[in-house]
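Trainee: Sequence first, predicted coordinates after that:
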Amino acid sequence: MTENGAAYPDVPDADGFVDDQDRLAFFDVHLRAVRDAIDAGADVRGYLAWSLLDNFEWAYGYHQRFGLVRVDYETLERIPKASGLWYARVAASNALPAGKVISHVG
């Protein structure tokens, strides 16, 4: 796997924070699948979340946001989203939280 990620409607609050639980659940499900594959003997060397920052996406322009960090395109301020904060904790601890994130991600 070289990368994966998902665009969801990001709605920032008054401070610019995005509580993107669907994206967080997407990464949770996929990282658990990677862990299951490793447990089954797959030679997994790495995992890359697409994308660190909201950016220009060649097929969707600036209309779709994929990032773990929100970019305010007018001020260029970068604000970690809930998914980015979660992903940072997972990376720092090298472990997924107990239990699964509950969401309507299919």
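Mentor: Structure received. Numbering: from 1, shown residues only.
Trainee: need the next SSE after the longest helix that the chain contains, C-terminal direction.
Mentor: Using DSSP state H, we find that the single longest helix of the chain is helix 21-39. Next helix or strand after helix 21-39 toward the C-terminus (DSSP states H and E): strand 69-71.
Trainee: which helices and strands does that next one pack with?
Mentor: strand 78-80 (3 or more C-beta pairs under 8 Å, 6 or more residues apart in numbering; DSSP states H and E). In short, each C-beta sits where N, CA and C put it, glycine included.
Trainee: The strand it packs on: which residues count as buried?
Mentor: 79-80 (16 or more other C-beta atoms under 10 Å).
Trainee: ok, residues contacting that strand?
Mentor: Strand 78-80 is contacted by residues 12, 15-18, 53, 68-72, 88 when judged by C-beta atoms under 8 Å, 6 or more residues apart in numbering.
Trainee: For PyMOL, what selects the buried ones among these?
Mentor: Burial among the contacts of strand 78-80 is assessed by 16+ other C-beta under 10 Å; the matching PyMOL selection reads:
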select buried, resi 18+68+69+70+71
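Trainee: Between which two of the contacts of strand 78-80 is the distance greatest?
Mentor: Greatest spatial distance among the contacts of strand 78-80 (C-beta to C-beta): Asp72 and Ala88, at 19.8 Å.
Trainee: State the distance from Gly5 to His30.
Mentor: 9 Å (C-beta to C-beta, to the nearest Å).
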